[in-house]
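> Dropping a prediction and its sequence here:
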Amino acid sequence: MLMYLLFFMFFSGMISFILNRKHFLMMLLSLEFMVIALYLNIFLYLSNMNYEYFFSMIFLVMSVCEGVLGLSLLILLVRVHGNDYILTFSSLW
């Protein structure tokens, strides 16, 4: 039952990422929500199979690096363009 809840969390984060494309910050938040759901799913799987948790630590390190890169891009885009609206970044698309 908990695994279905985690899959629902992941897919709700994916749907919010697809539908909420106005602000860059909201897209980053929905991506982080999906990463948290994936981490909880991996942790649940590893705890059920009695494996060690080294892979979950590597996953956490990579997800923190991904979050830092996203926030640095957000800061760069706000400093260059003055806002975080996706539609105003004509140079990105």
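In hand now; what should we look at?
> Surely Leu77 touches Phe24?
Yes - applying CB atoms under 8 Å as the test, Leu77 and Phe24 come out as touching, 6.4 Å apart. (C-beta placed from N, C-alpha, C; glycine too.)
> What ranges does the protein have for its helices?
Here the chain has its helices, by DSSP state H, at 2-19, 24-48, 54-81.
> I'd like to know which elements the second one is packed against.
This means helix 24-48. helix 2-19, helix 54-81 (3 or more CB pairs under 8 Å, 6 or more residues apart in numbering; DSSP states H and E).
> Leu87: which of these is closest?
Of all the helices and strands packed on helix 24-48, the one in closest proximity to Leu87, counting by CB to CB, is helix 54-81 (10.9 Å).
> That closest one: how far from the chain's middle?
9 Å (CA atoms, centre = their mean, to the nearest Å).
> So which bits of that helix are buried?
For helix 54-81, a neighbour-count test (16 or more other CB atoms under 10 Å) marks 56, 59, 63, 70, 74, 77 as buried.
> could those be laid out in JSON lines, adding distance to Phe10 and pLDDT?
As requested, the buried residues of helix 54-81 are exported to JSON lines (distance: CB to CB, whole Å; pLDDT from 0 to 100):
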{"residue": "Ser56", "distance to Phe10": "16", "pLDDT": "88"}
{"residue": "Phe59", "distance to Phe10": "14", "pLDDT": "92"}
{"residue": "Ser63", "distance to Phe10": "13", "pLDDT": "94"}
{"residue": "Gly70", "distance to Phe10": "18", "pLDDT": "91"}
{"residue": "Leu74", "distance to Phe10": "23", "pLDDT": "89"}
{"residue": "Leu77", "distance to Phe10": "27", "pLDDT": "85"}
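> and those as TSV, adding distance to Ile36?
Output for those, formatted as TSV (distance: CB to CB, whole Å):
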residue	distance to Ile36
Ser56	12
Phe59	11
Ser63	8
Gly70	14
Leu74	18
Leu77	24
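> quick one: low-confidence ranges for the chain?
89-93 (pLDDT under 70).
> rerun that using 50 as the cut-off
Along the chain, no part satisfies pLDDT under 50.
> Next, the contact list for the closest residue to Glu52 other than its chain neighbours, please.
Spatial nearest neighbour of Glu52, excluding adjacent residues (CB to CB, 6 or more residues apart in numbering): Leu46 at 7.6 Å. Leu46 makes contact with 52-53, 55-56, according to CB atoms under 8 Å, 6 or more residues apart in numbering.
> That concludes my questions; thank you for your assistance.
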